[in-house]
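Peer 1: have a look at this prediction, sequence included:
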Amino acid sequence: MRVSELIDPITKDWDVGKLTRCFMERDVGLIRKIPVAPTFTDSWCWRDDTNGQYQVRHGYKLMVSVQDSGHPVSFAWKDLWRLKIPPNILNFVWRCIHGVLPTMVTLASRRVDVDTMCHLCKQHPETLRHLFLDCIHVQALWDSAPLMQIASDDDFVDCFSKWLAMADGQIVKSCIAACWIIWKHSNALVWNSKVWLLSSLKHDITHTLIAWEEGLEHAVPPLSAMTTVDSHLCEEQGTVCIFVDASVFHDSGDGFFRAIIKDNAGAYLAAKNGPLRCIGDAFLGEAMTVKEALSWAKERGDNKVIIYSDCQIVCRWFSGMTRDLS
């Protein structure tokens, strides 16, 4: 039976007799509430739009309002999108929230033949929660982070929701930066056999936060690009430019500095190198290199000095243009 057969061809309305014979009393009442318009041609329409027209934002709104894996996908996306972080990092967070980041447990759930144990501790399955928060090799990264509100049975989506609820953009960005660096270093360990060093992770997290804070437009050019002296900075007679760089070896903790002095015309004057006691800390090594260069300049009697460094973070620290996020 077609719907048209339930409509009286004379009155152009529902045939109550047929409805009574075919349906229960309750259903008859519901059907009669549906307006009949036989003169209109049937067409598709989107019920959540007053004009019946589908738009991508309508589908997105519907998608984020349904339940997924026991979580309301109506996650605080607006709060997340307001954060001033690169698009690829936002995509990374999106993948984490939707459970599609390829951790070992996620890969195994998609029938990929992999060992689900964490490649760092070898003791627990590598879930998002374990990799980013619970593994003994990452816990030290969260010593100063506000994790007291995270319950032991919270999964990663719960944790991230609580971070956003703190309404502190800097805290949220710090948590995201930590997760991003942990993910990058974990992949480097698995695919490139890179040594896992906590000091290296802390270095990269701090560098990442400052890059997000100030933008790449403030980046200091690398030492290899600083082959000429900026004449507008060295116009005053007697000014010297010192180019400095540090090398730190995380496996041994050893560090070394090197410095080259040029006059205001760019001519070579002197060079120096030596060891540093920076205990494997790259930032400390770069800062101590500047100290060594200034001490050397004082010994030489150079009173007008411009320092060139390829470390953006140290330059920001010395110029006072950024906060200390270490």
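Peer 2: Looks like it arrived, so ask away.

Peer 1: quick check: residue 36 is in a helix.
Peer 2: No. Counting by DSSP: H, G, I helix; E, B strand; the rest coil, residue 36 is not found in a helix; it is coil.

Peer 1: now it: how far from residue 22?
Peer 2: 16 Å (Cβ to Cβ, to the nearest Å). Any C-beta I mention is one placed from the backbone N, CA and C, and that applies to glycine too.

Peer 1: could you do residue 185 as well?
Peer 2: Distance, residue 185 to residue 22, by Cβ to Cβ: 67 Å.

Peer 1: more crowded one of the two?
Peer 2: Comparing residue 185 with residue 22 by other Cβ atoms under 10 Å, the one with more neighbours is residue 185, at 21 against 14.

Peer 1: secondary structure class for residue 207?
Peer 2: Following three-state DSSP, we place residue 207 in the helix state.

Peer 1: contacts for the helix ranked longest in the chain?
Peer 2: Longest helix in the chain, counting residues (DSSP state H): helix 169-192. With Cβ atoms under 8 Å, 6 or more residues apart in numbering as the test, helix 169-192 has contacts from 79, 82-85, 89, 92-93, 96, 101, 119-120, 131-132, 138, 141-142, 145-146, 160, 163-164, 166, 194-196, 200-201, 204-205, 208-209, 212, 325.

Peer 1: which residues of this protein fall in helices?
Peer 2: 16-22, 25-32, 56-63, 77-81, 87-97, 104-109, 128-129, 156-165, 169-192, 198-214, 282-300, 312-319.

Peer 1: let me know the pLDDT of the residue nearest to residue 273 when sequence neighbours are not counted.
Peer 2: What sits nearest to residue 273 in space, not counting adjacent residues and going by Cβ to Cβ, 6 or more residues apart in numbering, is residue 258, at 4.1 Å. With respect to pLDDT, residue 258 has a value of 88.

Peer 1: for residue 258, grab the count of nearby residues.
Peer 2: What residue 258 shows, counting by other Cβ under 10 Å, is a neighbour count of 17.

Peer 1: residue 204 too?
Peer 2: Residues within reach of residue 204, counting by other Cβ under 10 Å, total 18.

Peer 1: and the gap between the nearest residue to it once chain neighbours are set aside and residue 60?
Peer 2: Distances taken as Cβ to Cβ, 6+ apart put residue 181 closest to residue 204, at 4.7 Å, once the chain neighbours are dropped. According to Cβ to Cβ, residue 181 and residue 60 sit 30 Å apart.

Peer 1: and the two? which has more neighbours close in?
Peer 2: Remark: of residue 181 and residue 60, residue 181 carries more neighbours, 22 against 11, as counted by other Cβ under 10 Å.

Peer 1: against residue 27, how distant is the more buried one?
Peer 2: Distance from residue 181 to residue 27, counting by Cβ to Cβ: 60 Å.

Peer 1: next one: stretch 185-197 to chain centre, how far?
Peer 2: 19 Å (Cα atoms, centre = their mean, to the nearest Å).
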